[in-house]
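Chemist: Take this sequence and fold it.
(chains A and B)
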Amino acid sequence: MSVKVLAPGLATTVQDLGRPGYYHVGIPLSGAMDRYALRAANLLVGNDEGAAGLEAVFMGPELEFTEAAIVAVTGADLAPKVDGVVQPAWTAFAVQPGQVLSFDYLKGGARAYIAIAGGVDVPVVLGSRSTYALGALGGFEGRPLKAGDVLPVGASGGAGAGRSVPEPLRRRPGNPAELRVLPGLYWHRLTETAQAGFFADTWKVAPEADRIGYRFRGGQPLSFVPREQPFGAGSDPSNIVDAGYPYGSVQVPGGTEPIVLHRDAVSGGGYFMLGTIISADMDLIGQLQPNTPTRFVEVDMAQALAARAERQAMLVELREALSLA
Amino acid sequence: MQTRYSFGGDEHVFVELDEGMSLEAFFKSLSITGAVREAQIKGVTEICPANASFQIKFDPDLIHPDDMLRELQSLEVAAEKSEHGLQTRIIEVPVLYRDPWTTETLMRFRERHQDPSGTDIEYAARINDFATVDDFIEAHSGAPWFVSMVGFVAGLPFLYQMVDRPRQLEVPKYLRPRTDTPKLTIGHGGCFSCIYSVRGAGGYQMFGITPMPIYDPRQEISYLREFMALFNPGDIVKWQPIDRAAYDQIEADVAAGRFEPKMRQIDFSLDEFNRDIDGYNRKLLEALR
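Modeler: Have a look, this model is predicted:
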């Protein structure tokens, strides 16, 4: 079974849950930016949660199916259509041989996840099918899809159409968005005024927002505690001796525009980081459109772990709601 | 040196061994991360040494962040007592300095440079007080370099020069980063050199290029079949200046699957190195003869 790409969308990539274990040689986690949405799409079509699907950003692809298939689309509000007929989102639907899956325009969120029963069967590279485009690694020939590509699809487990994710389990970002931050890393480099201002200001998602990182602008520039720069750090007060950048860390080059690193993160560099977005909120970032007003909210470790437990509980509910039993 | 621990969200511990870069801080980072790997702490998914710090990624569902922190602190104590020894590799990297490709690129981005009238290597030679570019190349390629971090993008090594601080070459980064850098460019920014593993944006000064691939996601190059990235933190590099004929020959050998990097296993001792830097480096480089 295969799927032919008639039109690729804006930057559609093959993603699964990611490629951990190689960050020390600069190979990032990769995988779906909204992993919850990918899990949901996979469960709807009877796949393993970690099967590879397609991540479409802002605009959907056009895909022609050679054989009958069960498909589900989750995440962003990007309505799927089969031969022009709109299909319900967060719901498994059938596609017949020769039919074309396309998408309406984006009405909310940023990234839609397309799961096909059987999963996209590109080769596994370093334990994952995810695309890391900067390193030309994984996915379909290491790059976003192009018109004419033919995607191999694995054997379906035999799930049928019709199952749907209950409304309360469809996670969408708020507006303004709130991203919870555990201050740390080089937080002490900021003055108290800058620390307070970072959380008080409303920022906006900048147009430079992709799988590597999300940039924000619109808040007051951050000021630094004066110091003599350490050897090897570079002369700008926002510079540090190049260090590893955690997934989710918030760096602010020059103190002006915060950047949250995401699944295809650059793994290290010479800019200070003021803290890290908690794991419970990372999926949401991938659903933020440029210009979305965003507040950063300070939390401590106990709150971060409580939020993580809430997210786990939601996932357990999702699995129960979609179990084949 | 003052060790500083911090959480990077609920999934990382970040440990800074020192604010400033030094071989001592780097060695401590290597030593503790090595111990973490051996300890096989449950829940740990990434162990990343980097210059004067390191980070550990873990699953807080399997180990509480406070317990993770305590594990690392106890490994730090053990690392302090250990000897400053390292079993590692020394790898020769052939370099065509002043090559046509980085020269063409640096000319395209001249308005982003501190000195639009010259080339990057002329500028670097001048501000580091060398009379000629040849003298600068001799200093850059004379002593070995430590791979102190691999990253930014896949397989890109950062290298720290193994000389005393007054002799370390230092250059600022471009005023504004370039949008293009040829693959396999030898760059330098601050006190670090690097090899760009892929083509792309960059802010380091460009000195030359190597014909020896260091990253191959398709794993077709003979010596990258086992793993796609050549370098690991802790490797030692010797730049070997070559001319255009040698460059073309190596490139052809790589394409034909005949090229093997010159690479030897060695034992490195930081204490012996510190006692006699130049003498110890000479001994290290003999391994490549």
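Chemist: all strands in chain B, in order from the N-terminus.
Modeler: Using DSSP state E, the strands of chain B run over B:4-8, B:12-16, B:44-50, B:53-58, B:85-97, B:145-150, B:157-161, B:185-189, B:192-195, B:205-209, B:236-241, B:263-269.
Chemist: For A:Pro8, find the nearest of these.
Modeler: Nearest to A:Pro8, of all the strands of chain B, is strand B:185-189, at 30.7 Å by C-beta to C-beta. Bear in mind the C-beta positions are built from the backbone N, C-alpha and C, glycine included.
Chemist: Tell me what angle the closest one forms with strand B:157-161.
Modeler: 60 degrees (axes from the mean of the first three to the mean of the last three C-alpha atoms, to 10 degrees).
Chemist: Output strand B:185-189 as CSV, restricted to C-alpha atoms.
Modeler: Output of strand B:185-189 as CSV, limited to C-alpha atoms (Å, rounded to 0.1, in the frame of the first residue of the first chain):
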residue,chain,number,x,y,z
THR,B,185,34.4,24.6,6.5
ILE,B,186,37.0,25.0,9.3
GLY,B,187,35.6,27.9,11.4
HIS,B,188,36.7,29.8,14.5
GLY,B,189,34.8,32.0,16.9
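Chemist: quick one: buried residues of that strand?
Modeler: For strand B:185-189, burial by neighbour count (16 or more other C-beta atoms under 10 Å in any protein chain shown) applies to B:Thr185, B:Ile186, B:Gly187, B:His188, B:Gly189.
Chemist: Which one, of the strands of chain B, ends up nearest to A:Leu145?
Modeler: So among the strands of chain B, strand B:44-50 is nearest, using C-beta to C-beta, at 28.6 Å.
Chemist: So what are the sheet partners of the closest one and their directions?
Modeler: strand B:53-58 (antiparallel) (DSSP bridges).
Chemist: how far does the partner strand sit from the chain's center?
Modeler: Relative to its chain's centre, strand B:53-58 lies at 18 Å (C-alpha atoms, centre = their mean, to the nearest Å).
Chemist: That strand vs strand B:4-8, what angle?
Modeler: Using the same axes, to 10 degrees: strand B:53-58 against strand B:4-8 is 40 degrees.
Chemist: Identify the residue nearest the closest residue to chain B within the stretch 101-250 of chain A in space, chain neighbours excluded?
Modeler: Of all residues in the stretch 101-250 of chain A, A:Gly232 sits closest to chain B, at 3.1 Å by C-beta to the nearest C-beta. Among residues not flanking A:Gly232 along the chain, B:Met21 sits closest, at 3.1 Å (C-beta to C-beta, 6 or more residues apart in numbering or on different chains).
Chemist: Spit out the contact partners of that neighbour.
Modeler: Taking C-beta atoms under 8 Å, 6 or more residues apart in numbering or on different chains, we find B:Met21 in contact with A:Pro230, A:Phe231, A:Gly232, A:Ala233, A:Val241, B:Asn51, B:Ala52, B:Ser148, B:Tyr160, B:Cys191.
Chemist: quick one: contacts for the last one?
Modeler: Going by C-beta under 8 Å, 6+ apart, B:Cys191 touches A:Phe231, A:Gly232, B:Met21, B:Tyr160, B:Gln161, B:Gln168, B:Leu169, B:Glu170.
Chemist: residues from the stretch 101-250 of chain B in reach of chain A?
Modeler: Contact residues (C-beta under 8 Å from any C-beta of the partner chain) of the stretch 101-250 of chain B with chain A: B:149-156, B:158, B:165, B:172-173, B:189-192, B:197-198, B:200, B:215, B:217, B:228-229, B:231-233.
Chemist: 10 Å instead?
Modeler: Counting by C-beta under 10 Å from any C-beta of the partner chain, the stretch 101-250 of chain B comes close to chain A at B:148-158, B:160, B:165, B:168, B:170, B:172-173, B:189-192, B:194, B:197-200, B:203, B:215-219, B:227-233.
Chemist: how far away is the residue sitting furthest away from the middle of chain B from chain A?
Modeler: Most distant from the centre of chain B: B:Asp61, at 33.9 Å, with distances by C-alpha atoms, centre = their mean. Counting by C-beta to the nearest C-beta, to the nearest Å, the gap from B:Asp61 to chain A is 7 Å.
Chemist: Centroid-nearest residue for chain A?
Modeler: Most central in chain A (C-alpha atoms, centre = their mean) works out to A:Met33, at 1.2 Å.
Chemist: Surely that one is in contact with A:Ala265?
Modeler: No: at 11.2 Å, A:Met33 does not count as touching A:Ala265 under the criterion of C-beta atoms under 10 Å.
Chemist: Find residues that contact each of those two.
Modeler: Counting by C-beta atoms under 10 Å, 6 or more residues apart in numbering or on different chains, the contacts common to A:Met33 and A:Ala265 are A:Arg211.
Chemist: before we move on, the earlier item: hmm, which of the residues of the stretch 101-250 of chain B next to chain A are the buried ones?
Modeler: So, by 16+ other C-beta under 10 Å, the buried ones in those are B:148-158, B:160, B:168, B:170, B:172-173, B:189-192, B:194, B:197-198, B:200, B:203, B:215-217, B:228-231, B:233.
Chemist: Output the contacting helices and strands for the helix or strand bottoming out on mean pLDDT in chain A.
Modeler: Counting by mean pLDDT, DSSP states H and E, chain A has its least confident helix or strand at strand A:268-271, which shows a mean of 92. Where contact means 3 or more C-beta pairs under 10 Å, 6 or more residues apart in numbering or on different chains; DSSP states H and E, strand A:268-271 is packed against strand A:239-244, strand A:249-251, strand B:44-50, strand B:145-150, strand B:157-161.
Chemist: again, only this time at 6 Å
Modeler: Under the contact criterion of 3 or more C-beta pairs under 6 Å, 6 or more residues apart in numbering or on different chains; DSSP states H and E, strand A:268-271 touches strand A:239-244.
Chemist: Get me the contact residues on chain A for chain B.
Modeler: For chain A, the residues in contact with chain B (C-beta under 6 Å from any C-beta of the partner chain) are A:20, A:23-27, A:134-137, A:142, A:182, A:184-185, A:230-232, A:234, A:241-244, A:246, A:248-249, A:266-269, A:276, A:278-279, A:301, A:304-305, A:308.
Chemist: Kindly recompute the last result at 7 Å.
Modeler: A:20-21, A:23-27, A:134-137, A:142, A:182, A:184-185, A:230-232, A:234, A:241-244, A:246, A:248-249, A:266-269, A:276-279, A:301, A:304-305, A:308 (C-beta under 7 Å from any C-beta of the partner chain).
Chemist: Give me the subset of those lying in strands.
Modeler: Filtering those for membership in strands, criterion DSSP E, returns A:Leu182, A:Val241, A:Asp242, A:Ala243, A:Gly244, A:Ser249, A:Gly268, A:Gly269, A:Thr276, A:Ile277.
Chemist: Which one of these is nearest to A:Gly218?
Modeler: A:Ile277 (17.7 Å).
Chemist: So what sits opposite the closest one in the bridge?
Modeler: Beta-bridge partners, per DSSP bridges, of A:Ile277: A:Val181.
Chemist: per-residue pLDDT, it?
Modeler: As summarised for this prediction, A:Ile277 has a pLDDT of 98.
Chemist: what's the answer for A:Ala40, then?
Modeler: 98.
Chemist: Can you tell me, leaving aside adjacent residues, what's nearest to it?
Modeler: Nearest non-adjacent residue to A:Ala40 (C-beta to C-beta, 6+ apart): A:Thr74, at 4.7 Å.
Chemist: need the contact list for that neighbour.
Modeler: Listed by C-beta atoms under 7 Å, 6 or more residues apart in numbering or on different chains, the contact set of A:Thr74 reads A:Ala37, A:Ala40, A:Ala41, A:Ala89, A:Trp90, A:Tyr113, A:Val165.
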